[in-house]
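Novice: Show me the folded form of this:
(chains A, B, C and D)
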4 protein chains.
Amino acid sequence: MAVIIDLSIFPLDKGGSGLSSYVSRALNVIKASGLKYRLCPMGTSIEGEWDEVMGVVDACYRELEKDSDRLYMTIKVDARKGRRDGMNQKLHSVESKLA
Amino acid sequence: MAVIIDLSIFPLDKGGSGLSSYVSRALNVIKASGLKYRLCPMGTSIEGEWDEVMGVVDACYRELEKDSDRLYMTIKVDARKGRRDGMNQKLHSVESKLA
Amino acid sequence: MAVIIDLSIFPLDKGGSGLSSYVSRALNVIKASGLKYRLCPMGTSIEGEWDEVMGVVDACYRELEKDSDRLYMTIKVDARKGRRDGMNQKLHSVESKLA
Amino acid sequence: MAVIIDLSIFPLDKGGSGLSSYVSRALNVIKASGLKYRLCPMGTSIEGEWDEVMGVVDACYRELEKDSDRLYMTIKVDARKGRRDGMNQKLHSVESKLA
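Specialist: From the prediction side, this is the model:
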């Protein structure tokens, strides 16, 4: 199935500032995958087949575990059969119904 | 503290299609609050003081419980002292560090 | 509606060890509420009416913001009309269907 | 790194009742993995090495996609170097500090 996920990943052992450098390393991994993505304030949306997307999650984890002793990650997955261009379609579908 | 949240809310008793009409009702509530927000593929980011933002979460819940027997909601909160214009600043901070 | 939530809350500015002292402060707040709760490895489940439960979330936030400059929180909400004794019923319902 | 995750997975296209039969199918997959797990009201905690745990997530997804057109999943991951018996240790660490 085509899936869209929201991914947040950050170290817990680096203090509460300067986390953006870790997030940008994960985003570089996501970009290198060639999958569609969208950077959002609280996570990054990634779209593709389940295997592809979870492969990117794995690659992000491996990038950040290199120099972190504790990592936190949240993932939300919306999987839907037959969906194409899901991120754009979801946004458009909601916006078209706004008051 | 200034907070940014990611909010997802949808009914579980309406089947797996047509959920965007419920999401758009929640988004209308968010828009009416006057708080900064950003619609994303897997949730909506909202920025403001804790009380303000949680007041909007409450209003979204009350809008959707009107005609739903079962609701699911996920909320991620990033609260940081002294942050201003947090959504834009977070995005800019990550993008400025990309390869 | 009766809701069950899963709540995780911890500071991001205290490093990656010693977080349990903050979690236990939040849990003391939850216990003091008198609501049903269940401590789990990745969060605490709390059961009650929407207003009651979100009041406890608010109290947990206020307890930890006293001495934190950055907090992270995740909340999952399952709201269902007419549900009673939901945490026990959910666990029993799944366990009764196991192979 | 040793990780503990919280996993929730359920179909969105089956209505808002009777979801426990799907949850129990996922739990059977988790049990069959031999990894430590704990069923909680809002998700199931699973403990092991990153690869092992994500393999179980994959297997749960494949079990439920067999007969669902839309799936929703949330995953929280806490990864910590050198942690052993993490679920029990986390619970004990919090409980020992309660008022």
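
Novice: Count the neighbours of the nearest residue to residue A:59 once chain neighbours are set aside for me.
Specialist: Closest residue to residue A:59 apart from its sequence neighbours, by CB to CB, 6 or more residues apart in numbering or on different chains: residue A:29 at 4.9 Å. The way it works is simple: take the backbone N, C-alpha and C, and place the C-beta from them, glycine included. Applying other CB atoms under 10 Å in any protein chain shown, we find 19 residues neighbouring residue A:29.

Novice: which parts of the helix or strand where residue A:29 lies are buried?
Specialist: Using DSSP states H and E, residue A:29 maps to helix A:20-33. Residues of helix A:20-33 classed as buried by neighbour count (16 or more other CB atoms under 10 Å in any protein chain shown): A:20, A:22, A:23, A:24, A:25, A:26, A:27, A:29, A:30, A:33.

Novice: Isn't the last one up against residue A:59?
Specialist: I take that to be residue A:33. Yes. Contact criterion CB atoms under 8 Å: residue A:33 and residue A:59 qualify, at 7.2 Å.

Novice: contacts for the longest helix along chain A?
Specialist: Longest helix in chain A, counting residues (DSSP state H): helix A:50-65. Helix A:50-65 is contacted by residues A:1, A:3, A:5, A:7, A:9-11, A:22, A:25-26, A:28-30, A:33, A:35, A:46-48, A:71, A:73, A:75, A:79, D:1, D:50, D:54, D:57-58, D:61, D:65, D:77, D:79 when judged by CB atoms under 8 Å, 6 or more residues apart in numbering or on different chains.

Novice: now stretch A:76-89, how far from the chain's geometric center?
Specialist: How far stretch A:76-89 lies from its chain's middle: 14 Å, per CA atoms, centre = their mean, to the nearest Å.

Novice: Torsion angles phi and psi at residue A:15?
Specialist: phi 80, psi 180 (degrees, to the nearest 10).

Novice: Isn't it up against residue C:68?
Specialist: No. The pair residue A:15 / residue C:68 is not scored as a contact, 11.7 Å apart, by CB under 8 Å.

Novice: So if I had to pick from these two, which one is more boxed in?
Specialist: residue C:68 (22 against 15).

Novice: On the three-state scheme, the more buried one is what?
Specialist: When classified by DSSP: H, G, I helix; E, B strand; the rest coil, residue C:68 comes out as coil.

Novice: burial count for the residue nearest to it when sequence neighbours are not counted?
Specialist: Of all residues not flanking residue C:68 in the chain, residue C:11 sits nearest, at 3.9 Å (CB to CB, 6+ apart). Around residue C:11 there are 20 other residues, counting by other CB under 10 Å.

Novice: How about the contacts made by residue C:11?
Specialist: Contact analysis of residue C:11 by CB under 8 Å, 6+ apart lists A:16, C:19, C:22, C:64, C:68, C:69, C:70, C:71, C:72.

Novice: Farthest pair within those residues?
Specialist: Pairwise distances across these peak at 14.9 Å for C:19 and C:69 (criterion: CB to CB).

Novice: List the buried residues in the longest helix of chain A.
Specialist: Of the residues in helix A:50-65, A:50, A:53, A:54, A:56, A:57, A:60, A:61, A:63, A:64, A:65 count as buried by neighbour count, 16+ other CB under 10 Å.

Novice: what does chain A have sitting close to chain D?
Specialist: A:1, A:50, A:54, A:57-58, A:61, A:65, A:69-82 (CB under 8 Å from any CB of the partner chain).

Novice: Can you flag the buried ones in these?
Specialist: Burial by neighbour count, judged by 16+ other CB under 10 Å, picks out A:1, A:50, A:54, A:57, A:61, A:65, A:69-80 from the residues of chain A next to chain D.

Novice: Quick check: phi and psi on residue A:84?
Specialist: When quoted as degrees, to the nearest 10, the phi and psi of residue A:84 stand at phi -130, psi 140.

Novice: Quick check: pLDDT value at the closest residue to it other than its chain neighbours.
Specialist: Spatially, and ignoring its direct neighbours in sequence, residue A:84 is nearest to residue A:2 (6.9 Å; CB to CB, 6+ apart). According to the prediction, residue A:2 has pLDDT 94.

Novice: what about residue A:2, how many residues close to it?
Specialist: Residue A:2 has 18 nearby residues by other CB under 10 Å.

Novice: Please name the residues that touch it.
Specialist: The contact partners of residue A:2, by CB under 8 Å, 6+ apart, come to A:47, A:48, A:49, A:79, A:80, A:81, A:82, A:83, A:84, A:86.

Novice: Bridge partners for the first one, pull those for me.
Specialist: Read that as residue A:47. Residues in a beta bridge with residue A:47, per DSSP bridges, are residue A:4, residue A:36.
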